[in-house]
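Trainee: Predicted model and sequence below, questions to follow.
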Amino acid sequence: MKKIQILLLSLFCFSLQAQESPKEEDFYKIVTPPVPEGILLEVGGVCTLPNGSVAVSTRRGDVWILENPLSRKPYYKLFASGLHEILGLEYRDGSFYCVQRGELTKLTDENGDGKADRYETVSAWPVSGHYHEYSFGPKFAPDGSFFVSGNVAFGNEEWWRGEARVPGRGSVFKVFPDGHREEWATGMRSPAGLGIIDGELFYADNQGDWMGSGGIWHLKKGAFTGHPASLAWTNEDSPTKLTEEQFFAERDNRKVRNAAGAYIKPENVVNETPDMLWQLKEKYPQVQTPVVWLPHGILGISNSELIKDDTKGSFGPFSNQVFIGDQGQSKIMRVFMEKINGEYQGAAWDFRSGFQSGVMRMDWAKDGSLFVGETNRGWGSAGDANQGFQRLIWNGKMPFEMLTVKAMPDGFEVEFTLPVDRKSAEDLASISASSFNYKHHPAYGSPPIFREDLNIKGVRLSADGKKMRIVLDRLRKYFVHELNLNGIRAAGTYYSLIHPTVYYTLNNIPAGEKMSTSDLKTTDSGKDKPSSASKIVKKLVSPDGQGQAKASATAPTFDEVKPLLQKHTCLACHSQDKKVIGPAFKDIAKRKYSDEKMAQLIAVPQPKNWPDYATPMAPMPHVPKADVLKIASYINGLR
Amino acid sequence: MKKIALGLLLLGSANLLFAQEKILSDDLSGFSCKEKNWSIVGAATANPFLDNNLETTAGKGVLVNIHEHGKYGSQYELVSDFTHGDLDISFDFMMAKGSNSGIYLQGNYEIQLFDSWGTKSPIYGDCGGIYQRWDESKPEGQKGYEGYAPRINAAKAPGLWQHMDISFQAAKFDAKGNKMANAQMLSIKLNGMLIHENVELSGVTRGAMTAKDVAKGPLRLQGDHGSLAIKNIIISNFDKPSASLNNLSYAVSYAPYDPSADPKNLAIDDSGELKELSWEFMKQPNEYAYTIKGDFIAPADGKYTFNQFSSANNTLSIDGKEILDNKYTGPNDERTGEIELKAGKHTLAIYNAKYDGWMSPTLGLLVTGPGFRKVALHSPSSMFGNKASDPILIDAKTNTNLRSFMDFDNGDKRIRIVHAISVGTPENIHFTYDLDKGALLQFWRGDFLDATPMWDSRGDGSSRPRGSLTQLSNDLTLAKTVLAWPKDTLGTSYKPKGYTIDDNNMPTFVYEIYGSKVSDKIRVKDRKNFERTITVDGSKDLFAKLTSASKIEKVTDNLYAIDNKSWYIKLDPNAYVIISTNGNKKELTVAVKDKLTYELLF
């Protein structure tokens, strides 16, 4: 009897404590400046000016200057208009530089009335006129030139296949002030986000054909990042030395016609020996694997701009780290990078969700808060406004987060923002780990492959309680290593980590001394050990659906399937009651598919069934049948 | 006996007008006028700057009215011997400066023909307006009522050929002569722009032949308010009874899609009779396959054209023959099929199977046949499509510039201009410039742009003009030689430099070519023309090709009518002009020293 009481008591304490753990919004506030009626800020570019005003460029072709942008009521002034879908804006020496679909344009106010009167074409590049041929940038290169990137077009019959109909598509090129252009790097599919970090160029790409997942790439001159479209235009003079011929000698393009002569769309092959991007790098060193993979559906679905925190602490404890936006999930992720063996790699976390529309562009305000420019038109996003301009402000309180994760010869070293409760840290049950990779193939996206749960051999917490070594039994080069620290508690408060899951992409395993077993704590209380982030119920949960499920007697409830919905990234695009990227589970339930039919549709979705949704669902054939049927049963329980 | 003969006679004369027919081309037969002001000539030319000027050359094909201002009266009008009811009429017309005329359908409803060149806010009395009705009993100033202004002023300059399409539906009467339905202007297009649509007329307009509506009346052209020319007058009568559909029945199968099942042989779950053509007998909006059958009554021998709207797989068969084969369509997709039928009863069958929940069931069937207009055979609620996009229309209330892709008919090829900018003005004249070539691509009168293709959803980056469009070419404007005009910028050192914006938000384009700096300024002049000024800093031996056209006619010393008098180029009297032939095209080229200024009138 006594024992039971204690158990009850401890359960009670635990849940109470867990509920009290603060969340993202308790440290980072989203502020929405008012916008005069009639001004549509479908943001494609954000640029803070030396005088503290902020300029915002839009997909409708306007450049607005918001004076006094940190006030409750900024003043809006139209600086330029009529431009072609401006997806990037920078300012230098009194002029703006913006990228339109087909050119880099310098906007200057020569007569001093506060409006541009010279729209100078710095350089115009070819486009075929396909809708998807967006151009992004510019970013200033250290030599005074401009980096610009170009999306691929898609095929006419092969509407799924990215192609470079004209030079420059699927690549990053440099534009010089005299107007001439030089190829810089190739292999891009949808390079919507460029960023200069410490003088070097990085970019983010999205999941799609030849892109197993989104991620961030370091772009050295001549780098090739994985999509073959741009290789159609490379030649002897290109910094990219990989040829189309060499690429397709290593990879099957799967350009196959059916009996009727029509091309067949390549789909994921479930039972195959998959190719991975790193394997191509082993043969052609110019191939660049990502600094970090941003696992699709977990850390975004359509990564956008990346920006380094150079606020010297004004924005919180993450100085010199990188923030990267995501359009579809309307959120910002955080990345810590380190250089091992001369190559970047690092760790990625969720950081702040809840923006009103798709996060596209960011820049630092003078006070160290973050301007966030947003749009979702044509794609949809978790934030259900079509556009927005918001600001993210740190309130000065210290969040309990992993500050950094560094690769070690035998595992990782995690540094925390606050000292960790020693008891929780020295219990192996507090941590779990796994690793996986992605396919490099012409199908749209990739399921995680070669996933393995990893044994924690031991841990060691530093004397100050802020650094923890985690020793794993197996590290795999180039693989994403997922660490779940959901049992870790902060010293004193017993708070959980705000984001207990980290994804470390291990491009190189550092050399050096491994920890001796005698230095490690190896106690395992055996409590409730989750095998992956996907099983964590706390923290990652969206609030909708709590207790609202009108499930039938037999159907599982939302809470019951939540771990599965997270594990298989369903919640990246769906919620129970609300249209997000994809339809609400309730709306899917109305279609009255059988559980079996729904399982088929999850494996091989039919986007034409949902024409009001702009982003087609990725096939999920890797989800185990038992899980799919449980999810289907839950959805059908919502009828 | 007499009665029968009369009937035959009526049929005979009416038959003459059933099909499309060209009238008033070779002579004035079939029409009468008390004066001599109307005649047939070979060609007409009007100087747009001389009041009521209209000059002709002898020949055939063009109807002209030469009339001095100030002489009024019905004796100047041209009236047809035939009478008509429902009628389509299309024609080209040319106004003399300051002239005013009108075409009266059934002698009673006037569509105004008027020199409305440059009028910003057109009224009922402007070109294409439906003239006011008139009530003498009302006090002065209130006598006129129910005039309808055109949606926009699409009228061109005097001396240019303009085009009008009118679709008229006569008032309907019962056997006792009581009016059952008002007359309607189903549609009127001026220079390609739809300016009226389904305008119901409560009665005759001012100056009508009869005080009340009639079932039949003559075509009547006003001749007492100035000179004009008309050609290519084509009329189509619609006086025959419409086709109809009866004895409708349905058979439907409700089941999820089964790829192994024979779609033509599914188990029937429900069947019955239908009062009207509709999908609404169905118990569920998806996972169905139905066939509707009925008797199609063809009133006369001839060609019948069917337009069908349906969701997912559908067919249309007449007498067992599929005139629309099995095809998957969206609910807003129109399918068209034709068949020759004898008068009488035919079997019509519609098949529709749908397994996509996102589409609403839709069934629309319209038919056009010998002597009758397109009629809907479906019930009004049946033709329900999924909602179309809300349009995103851009008006130029002030001068407005917009970059976009612009689709362009280049000869017989449609190309996409990818570095285009369109410039809109509150004077309702607008143009598109190709920044890749320094070329004036097109200009138009009307509203500015439809940006729906660019800004709805992802968009495709393009916008479309909303007006009466004149397309020029995307050739380079400047070159070093008149012979062998460069096909592209290769070898010309062409470099676009963008544009500057003046205080009125109008752009001046800047580029380099052959080492010279060029500025290209296009501005509104006299609130209705464009004036283009090209300034070259550098080379003194460049040429500007101003147009390549099927025909270039010199109207006065410095005024040239382009493309069968579609628009004008007005040059400086001292310009050095070269008119050359290139294949089947004429080209107008001008030497440019430092500066070239010319006007575009349209």
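Mentor: Cool, the structure landed. Just so you know, these numbers come straight off a predicted model, no measurement behind them.

Trainee: C-alpha from now on. contacts and neighbour counts both.
Mentor: Noted.

Trainee: for chain A, what are the low-confidence residue spans?
Mentor: Along chain A, the parts satisfying pLDDT under 70 run over A:1-19, A:528-553.

Trainee: and what of the stretch 351-500 of chain B?
Mentor: The stretch 351-500 of chain B contains residues with pLDDT under 70 at B:385.

Trainee: so where do the helices sit in it?
Mentor: Here the stretch 351-500 of chain B has its helices, by DSSP state H, counting those that start in this stretch, at B:452-455.

Trainee: And chain A, by the same measure?
Mentor: A:2-20, A:244-250, A:277-283, A:422-425, A:558-567, A:585-590, A:595-603, A:625-636 (DSSP state H).

Trainee: Name the residues that touch the host helix or strand of B:E110?
Mentor: Taking DSSP states H and E as the definition, B:E110 sits inside strand B:109-114. By CA atoms under 8 Å, 6 or more residues apart in numbering or on different chains, the residues outside strand B:109-114 that reach it are B:95, B:98-105, B:124-131, B:204-206, B:208.

Trainee: of the helices of chain A, which approaches chain B most closely?
Mentor: Counting by CA to the nearest CA, chain B lies closest to helix A:585-590 out of the helices of chain A; the figure is 10.1 Å.

Trainee: Near chain B, which residues of chain A are found?
Mentor: Contact residues, chain A versus chain B (CA under 8 Å from any CA of the partner chain): A:60-61, A:81-85, A:102, A:105, A:116-124, A:127-132, A:377-379, A:591, A:609-611.

Trainee: and the chain, what are its domains?
Mentor: Looking at chain A here, since you left the chain open. What automatic domain parsing lists as the domains of chain A is A:31-394, A:400-533, A:558-636.

Trainee: ah, I was thinking of chain B
Mentor: Listed domain ranges for chain B are B:17-237, B:244-376, B:393-601 (source: automatic domain parsing).

Trainee: Can I get the ones you listed in CSV including distance to A:E282 and mean neighbour count?
Mentor: Below are those laid out as CSV (distance: least, CA to CA, whole Å; neighbours: other CA atoms under 10 Å in any protein chain shown):
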stretch, distance to A:E282, mean neighbour count
domain B:17-237, 63, 20
domain B:244-376, 46, 18
domain B:393-601, 38, 19
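
Trainee: Take those and lay them out in a markdown table including distance to A:P177.
Mentor: Converted to a markdown table, the domains of chain B look like this (distance: least, CA to CA, whole Å):
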| stretch | distance to A:P177 |
| --- | --- |
| domain B:17-237 | 44 |
| domain B:244-376 | 49 |
| domain B:393-601 | 12 |
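
Trainee: any chance of the domains of chain A in TSV, with mean neighbour count too?
Mentor: Converted to TSV, those look like this (neighbours: other CA atoms under 10 Å in any protein chain shown):
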stretch	mean neighbour count
domain A:31-394	21
domain A:400-533	20
domain A:558-636	19
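
Trainee: what's the closest of those to B:Q162?
Mentor: Set against B:Q162 and scored by CA to CA, the domains of chain A come closest in domain A:31-394, at 32.1 Å.

Trainee: what's the distance between the closest one and the middle of its chain?
Mentor: 12 Å (CA atoms, centre = their mean, to the nearest Å).

Trainee: ends of that domain, how far apart?
Mentor: Taking CA to CA, to the nearest Å, domain A:31-394 runs 11 Å from one end to the other.

Trainee: now swap in stretch A:67-86 and tell me
Mentor: 20 Å.

Trainee: same check, this time on stretch A:492-510
Mentor: 34 Å.

Trainee: mind listing what B:K345 touches?
Mentor: B:K345 touches B:D295, B:F296, B:I297, B:A298, counting by CA under 8 Å, 6+ apart.

Trainee: got it, and B:V524?
Mentor: B:T425, B:E427, B:F530, B:E531.

Trainee: beta partners of the last one?
Mentor: Read it as B:E531. B:R523, B:E599 (DSSP bridges).

Trainee: how about it, what does it touch?
Mentor: By CA under 8 Å, 6+ apart, B:E531 lies in contact with B:I522, B:R523, B:V524, B:K525, B:T597, B:Y598, B:E599, B:L600.

Trainee: distance of the second one from chain A?
Mentor: Between B:R523 and chain A the distance is 16 Å, computed by CA to the nearest CA, to the nearest Å.

Trainee: Surely that residue and B:I534 touch.
Mentor: No: look at B:R523 against B:I534 with CA atoms under 8 Å: they stay out of range, at 11.6 Å.

Trainee: follow-up on the earlier one: do you know which of the domains of chain A lies nearest B:K34?
Mentor: Short answer: domain A:31-394, nearest of the domains of chain A by CA to CA, at 57.8 Å.

Trainee: where's the closest residue to A:G162 other than its chain neighbours relative to A:V99, distance?
Mentor: Counting by CA to CA, 6 or more residues apart in numbering or on different chains, A:F154 is the residue found nearest to A:G162 once chain neighbours are left out, at 4.5 Å. Note on A:F154: its distance to A:V99, by CA to CA, is 21 Å.

Trainee: just A:A511 next, same as before
Mentor: According to CA to CA, A:A511 and A:V99 sit 43 Å apart.

Trainee: A:P624 too?
Mentor: 45 Å.

Trainee: Specify the beta-bridge partners of the residue lying closest to A:L461 once chain neighbours are set aside.
Mentor: Leaving aside its chain neighbours, A:L461 sits nearest to A:M468 (4.3 Å; criterion: CA to CA, 6+ apart). Counting by DSSP bridges, A:M468 forms beta bridges with A:V414, A:L461.

Trainee: Kindly report the same for the one 4 residues further on.
Mentor: Taking DSSP bridges, one finds A:I456 as the beta-bridge partners of A:L472.
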